[in-house]
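[1] sequence and predicted structure are below.
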Amino acid sequence: MASTDTEVSVEEEQKKPIEIDVAVDEKSTCERHVAVTIPQGEVSRYRENSFNEVAPTAELPGFRAGKAPRKLVETRFKDQVDEQVKSSLIMDSLQQVTEGEHFSAISEPDFDYDAIELPESGDFRFEFKIEVRPQFDTPKWEGLALDRPVCELGQEHIDDHLSRTLTRFMPGEVVDGEAEMGDSVTLNGTFTLEGKELCSFEEETVPVRTKLSFGDCVLENFGELIVGQSEGDKVQAKVTISDSAASEELRGKEVDAEFEIHELKRIVVDEITPEMLENLGFDDTEELREFVKEELVRQFEYHQQQSLRKQIVEELTKDANWELPESLVRRQTNRELQRTMLELQRSRFNQEQINGYLNASRMNARNTTVQALRKHFVLEKIAEDLEIEASPEDYDKEVELIADQSDSSPRRVRARLEKTGQMDAIRNQIVERLVIEKVTGAAKLNDQEDFSFLKSDEESSSISLAIAGDFDDIPEAKHDEGASPVPQAAKLPEAEKKDDE
């Protein structure tokens, strides 16, 4: 059924922008206090529209649906309509403010919804705090002098990496005796403070090396503790929680650790046999070597990009000394770690390498996040100036690279990223990469041979675990789109559905 002129006019009336007065107080570079005032006429307009939706289906004793007198409907459903009007006015005005030219928001508005009251008459006023992007002039990015790492991979590099790859993939033989350096050890671990358990893990497998790193501490004498021990043995140690740990109460604390050796294995690769190739999923040694070479190339591309990115952002952010709110830094810490993980996955780093990178980032979490935010703001500003945005094809390529590393399907990886809210991190790393490519293309490049990315950390193993807990994830939306329910109030009747819906 076609809409009538009256229905069209009501819809147009509801879509009209709200007349609002906005007062913005700059609390700091990235913080604003905002006061919104909505004139009485707009409040009356929203009330009238809400009652117009309610009246046609309102059911009251003694009257057929939609036939009750307007005054009686207004009296019966006043509380519910007022709550709906309050919610609609707040949400619609917030959308206008945050999408307007007052500032560029980077967080949700912070306010107490329940404490806001809709007046019986007069203007409607509410206030909120919000975090915003800092305002600054785009730094000059063309013509930078940059050192670009270059390398030509030879057979010896591929052979060395092939040896490490085989060690990573081979199951190994169970050791019926004492552990040696380089063995693969599967551990159960428990961490306590003054007799109270902080956390534990089960059956984590790592190579026996000098050190063992966690997200917020390092066991310096790990190899010394494990060498000479056998399956079933338990060893004790003490570790000190870093000053960047998520829990402020645990920073700098010395914690007791106990490790139980669940299993010991030793991996010895003398030659690549057909059986070994079959177990690894390769048809022949050439296919295996090509896989290893591609992995090395991808890792070098990451190293090259990170080197150029570091030089670029150091130059472009040298004046970016804005103070960032602690709430913003803390909220972004976990997101920055997730983003680092995604970048490493797309670049074909194995899980042990990824754990090592992430643990190093966690050990200096606050400074890492502050630097990352400043870089993001500057690169995002350049992206806006150049109208750079991620395309659907960019997203597809990124998802495929991550899926390739994790041996999963792109569809499954995309679903996981969307479910965990990480597609925004994918978008940011795509845009920033495009900006880096643009800046690099306009730079004065000095190629320098660099094989430093081949140096693996043979001194340390890593377990992805933060003893003091992880930084909080990005919180869910604070404010629902719908109205908050009024206790024991009559339920609002649903709007009548049109035939063509």
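    Cool, got the structure.
[2] domains in the chain, as residue ranges please.
    Domain assignment for the chain by automatic domain parsing gives 5-131, 145-165+282-453, 171-266.
[3] contacts only, for the closest residue in space to Ser460 that isn't next to it in sequence.
    Nearest non-adjacent residue to Ser460, counting by C-beta to C-beta, 6 or more residues apart in numbering: Lys211, 4.2 Å away. Where you see a C-beta, it was placed from the backbone N, CA and C, and this is true even at glycine. Neighbouring residues of Lys211 by C-beta atoms under 8 Å, 6 or more residues apart in numbering: Val218, Leu219, Glu220, Asn221, Phe222, Gly223, Glu459, Ser460, Ser461.
[4] any idea of the pLDDT on the first one?
    Right, Val218. Predicted confidence (pLDDT) at Val218: the value is 95.
[5] ok, the nearest residue to it once chain neighbours are set aside to Ser307 distance?
    Of all residues not flanking Val218 in the chain, Lys211 sits nearest, at 5.7 Å (C-beta to C-beta, 6+ apart). Computed as C-beta to C-beta, to the nearest Å, the Lys211 to Ser307 distance reads 26 Å.
[6] ok, Leu250 next?
    In terms of C-beta to C-beta, Leu250 sits 35 Å off from Ser307.
[7] in stretch 300-312, which residues are buried?
    Across stretch 300-312, burial judged by 16 or more other C-beta atoms under 10 Å covers Phe300, Tyr302, His303, Gln304, Gln305, Ser307, Leu308, Arg309, Gln311, Ile312.
[8] just the ones of those residues in helices?
    Among the buried residues of stretch 300-312, DSSP state H puts Phe300, Tyr302, His303, Gln304, Gln305, Ser307, Leu308, Arg309, Gln311, Ile312 in helices.
[9] which residue is the nearest non-sequential neighbour of the first one?
    Leaving aside its chain neighbours, Phe300 sits nearest to Phe453 (5.6 Å; criterion: C-beta to C-beta, 6+ apart).
[10] tell me, how many residues neighbour that neighbour?
    17 (other C-beta atoms under 10 Å).
[11] which element, helix or strand, includes Gln332?
    helix 326-346 (DSSP states H and E).
[12] tell me the secondary structure at the residue nearest to Phe300.
    Under DSSP: H, G, I helix; E, B strand; the rest coil, Phe453 falls in the helix class.
[13] might one say that it is in contact with Gln299?
    Yes: contact criterion C-beta atoms under 8 Å: Phe453 and Gln299 qualify, at 6.0 Å.
[14] sec struct for Ala68, please.
    Under three-state DSSP, Ala68 comes out as coil.
[15] spit out the contact partners of the closest residue in space to it that isn't next to it in sequence.
    Once flanking residues are discounted, Ala68 sits nearest to Leu60: 4.3 Å by C-beta to C-beta, 6+ apart. If you count contacts by C-beta under 8 Å, 6+ apart, Leu60 has them with Ala68, Leu72, Val73, Arg76.
[16] so who does Ile267 touch?
    Leu166, Thr167, Met170, Gly172, Glu173, Ser184.
[17] gap between it and Phe169?
    Distance from Ile267 to Phe169, by C-beta to C-beta: 9 Å.
[18] so what touches stretch 137-148?
    304, 307-308, 311-312, 315-317, 319, 378, 381-382, 385, 439-440, 442-448.
[19] below-threshold pLDDT in the stretch 1-150 of the chain: ranges please.
    1-15 (pLDDT under 70).
[20] ok, 80 please
    Low-confidence segments of the stretch 1-150 of the chain, defined by pLDDT under 80: 1-16, 58-60, 62, 64-68, 73-74, 100-102.
[21] so which residues of it form helices?
    Along the stretch 1-150 of the chain, counting by DSSP state H, counting those that start in this stretch, helices occupy 5-15, 40-54, 70-76, 78-99.
[22] figure out which of the ones you listed is closest to Ser28.
    Of all the helices of the stretch 1-150 of the chain, it is helix 78-99 that lies closest to Ser28, at 18.3 Å by C-beta to C-beta.
[23] just to revisit the earlier point, list buried residues within the contacts of Lys211.
    Val218, Leu219, Glu220, Phe222, Gly223, Ser460, Ser461.
[24] kindly reformat these as a markdown table containing secondary structure and distance to Met276.
    Converted to a markdown table, the buried ones among the contacts of Lys211 look like this (DSSP: H, G, I helix; E, B strand; the rest coil; distance: C-beta to C-beta, whole Å):
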| residue | secondary structure | distance to Met276 |
| --- | --- | --- |
| Val218 | strand | 34 |
| Leu219 | strand | 33 |
| Glu220 | coil | 36 |
| Phe222 | helix | 29 |
| Gly223 | helix | 28 |
| Ser460 | strand | 28 |
| Ser461 | strand | 24 |
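[25] just those residues now: which is nearest Thr273?
    Ser461 (27.6 Å).
[26] contacts only, for the residue nearest to the closest one when sequence neighbours are not counted.
    In space, not counting the residues next to it along the chain, Ser461 is nearest to Val206; the distance is 3.9 Å by C-beta to C-beta, 6+ apart. By C-beta under 8 Å, 6+ apart, Val206 lies in contact with Ser184, Val185, Leu187, Leu212, Glu352, Ser461, Ser462, Ile463.
[27] just the ones in strands from those, please.
    Ser184, Val185, Leu187, Leu212, Ser461, Ser462 (DSSP state E).
[28] which of the residues you listed sits closest to Ser104?
    Ser462 (37.4 Å).
[29] which residues touch that closest one?
    Ser462 is in contact with Val206, Leu212, Ser213, Phe214, Glu352, Asn355, Gly356, Leu358, Asn359, counting by C-beta under 8 Å, 6+ apart.
[30] before we move on, what about Val413?
    So Val413 contacts Val399, Ile402, Ala403, Ser406 (C-beta under 8 Å, 6+ apart).
[31] can you list those in a markdown table and add pLDDT, secondary structure and neighbour count?
    A markdown table is the format used below for these (pLDDT from 0 to 100; DSSP: H, G, I helix; E, B strand; the rest coil; neighbours: other C-beta atoms under 10 Å):
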| residue | pLDDT | secondary structure | neighbour count |
| --- | --- | --- | --- |
| Val399 | 92 | helix | 23 |
| Ile402 | 89 | helix | 24 |
| Ala403 | 90 | helix | 19 |
| Ser406 | 76 | helix | 13 |
